[in-house]
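> need a 3D model of the following:
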Amino acid sequence: MKLRGDRHGRTSYEHPGSYEPAGRRSVGYSCAHGHTFEVPLASDVDAPAVWDCRQHGTEATILHEPEHEQKHAKPARTHWDMLLERRSIPELEDLLAERLRLLRG
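Residues are numbered from 1 along each chain as shown. Predicted structure coming up:
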């Protein structure tokens, strides 16, 4: 007896030209034992500098990875920088003198 809908889940009803697979690239790695291999990665991710060798289990280093454009990051703001945004040096000196008077008094 054949059930109705027997092939459900086995066949895709989506048209083959209606989607495009994600871009991929192969990145080469070389281990300390001289073994080289490639790892498929998505085209929009940065490749890690090291990868475990499949044959030897040791760390393998990346081969010929082009340098990515360095992003210009803002320098980290320190507490002093944020304080100077709110107060001037003469104001800070007055506050320091006032607090020192309170501590000594």
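> quick one: the closest residue to H35 other than its chain neighbours from R99, how far?
Leaving aside its chain neighbours, H35 sits nearest to Q55 (5.4 Å; criterion: CB to CB, 6 or more residues apart in numbering). All C-beta atoms are positioned from the backbone trio N, CA, C, and that covers glycine. Taking CB to CB, to the nearest Å as the measure, Q55 falls 66 Å from R99.
> same check on E38?
From E38 over to R99 (counting by CB to CB), the distance is 64 Å.
> three-state assignment of A60?
With DSSP: H, G, I helix; E, B strand; the rest coil as the basis, A60 sits in strand.
> just confirm it contacts V27, I think it does.
No: using CB atoms under 8 Å, A60 makes no contact with V27, being 10.6 Å away.
> looking at these two, which one has more neighbours?
A60 (23 against 18; other CB atoms under 10 Å).
> quick one, helices of this protein?
Taking DSSP state H as the test, the helices found in the chain are 79-86, 89-104.
> which residues touch the last one?
When you say that, I think you mean helix 89-104. By CB atoms under 8 Å, 6 or more residues apart in numbering, the residues outside helix 89-104 that reach it are L83, R87.
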